[in-house]
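Student: What follows is a predicted structure for the sequence shown.
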Amino acid sequence: MELPVIRDYAGFCRTLPIAGFALAGGADEGIFSIASRFGPEIRSHTGDPETDPWIWRVRAPQEGGELLYGKFFFQKGGWIARDWLPDFLAVRQNGRDFADFYAAGEASRLEKRIYEALSAGPLPQHILKRETGCGREDAAAFERALVRLQGRLFLIPCGECRKRSKKGEPYGWPVTIYDLPERVFGEALCGPGREISPRAAAERIAGRVLELNPAAQERDIRRFLTVI
């Protein structure tokens, strides 16, 4: 699959849905990174919304509703286009809901508290941390739980906000807001993911990986499909 060189935000929004999914950083993990299609104009942390891909991870999901960004692959940042979400849901959840994972011992108590807190509505990370009773000593466990839940697609980042002082004034660095994918994209899109054959979905994803990267190895594709 020959993808065009991406020179700005509009080009990114056209190209990522063609690819379907991609890692976000420079390392492709033997699969495919969208950064491999960036032209010299694209540079992170410049603050330019048209050419800074660090900004796109928040801008694209909020503006178009066609792209998801999160730590979906290898515990690293990556992109999934809306049309591929049902396939990834089928592969990562295998027809089970969160209660099934928890009952089988495949989700921790902290993950359960996070999921239940988000079931009531989206929350910024610092408030989510507080709502789940996590303190500074729990920071590492809290981060691991967020990554695991993203890997299973039980939660997704959906924006950013800044903390507020007692006077209501914003301060500090932006904080990620998390939500449930079915609330962001609707049951019409997320629901069918539980009815798609995980095997058929895995075959479609693997086929697209080979279109994006014909040199991809089977072991790397297996790792890509599996939550790590």
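Tutor: Good, I have the coordinates.

Student: what residues does the longest helix seen in the chain touch?
Tutor: Secondary structure of the chain per DSSP state H: the longest helix is helix 198-212. Applying Cβ atoms under 8 Å, 6 or more residues apart in numbering, the contact partners of helix 198-212 are 1, 3, 19-22, 31-32, 84, 86-88, 90-91, 94-95, 216, 221, 224-225. Where C-beta positions appear, they are placed from N, C-alpha and C, glycine not excepted.

Student: now do 6 Å
Tutor: If you take Cβ atoms under 6 Å, 6 or more residues apart in numbering as the criterion, helix 198-212 is touched by 1, 20, 31-32, 87, 90-91, 94, 216, 221, 225.

Student: hmm, who's touching whichever helix or strand comes after that helix?
Tutor: Per DSSP states H and E, the first helix or strand lying C-terminal to helix 198-212 is helix 218-225. With contact meaning Cβ under 6 Å, 6+ apart, helix 218-225 is reached by 30-31, 91, 202, 206, 209.

Student: now do 8 Å
Tutor: With Cβ under 8 Å, 6+ apart as the criterion, helix 218-225 contacts 29-31, 73-74, 91, 202, 205-206, 209-210.

Student: ranges for the strands of this protein?
Tutor: 21-23, 67-73, 76-81, 123-124, 156-164, 170-179 (DSSP state E).

Student: okay if I get those strands as a markdown table plus mean neighbour count, mean pLDDT and distance to Arg37?
Tutor: A markdown table is the format used below for the strands of the chain (neighbours: other Cβ atoms under 10 Å; pLDDT from 0 to 100; distance: least, Cβ to Cβ, whole Å):
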| stretch | mean neighbour count | mean pLDDT | distance to Arg37 |
| --- | --- | --- | --- |
| strand 21-23 | 24 | 98 | 9 |
| strand 67-73 | 23 | 96 | 15 |
| strand 76-81 | 21 | 96 | 12 |
| strand 123-124 | 20 | 96 | 32 |
| strand 156-164 | 17 | 88 | 22 |
| strand 170-179 | 14 | 88 | 25 |
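
Student: With distance to Glu143 added, can I get the ones you listed in CSV?
Tutor: Formatted as CSV, those follow (distance: least, Cβ to Cβ, whole Å):
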stretch, distance to Glu143
strand 21-23, 19
strand 67-73, 10
strand 76-81, 13
strand 123-124, 15
strand 156-164, 13
strand 170-179, 11
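
Student: quick one: stretch 211-228 to chain centroid distance?
Tutor: 17 Å (Cα atoms, centre = their mean, to the nearest Å).

Student: wait, doesn't Cys190 sit right on Ile156?
Tutor: No - between Cys190 and Ile156 there is no contact under Cβ atoms under 8 Å: 10.3 Å.

Student: Touching both of these two, which residues are there?
Tutor: With Cβ under 8 Å, 6+ apart, Cys190 and Ile156 have common neighbours Pro181.

Student: so where's the protein uncertain?
Tutor: 188, 191-194, 228 (pLDDT under 70).
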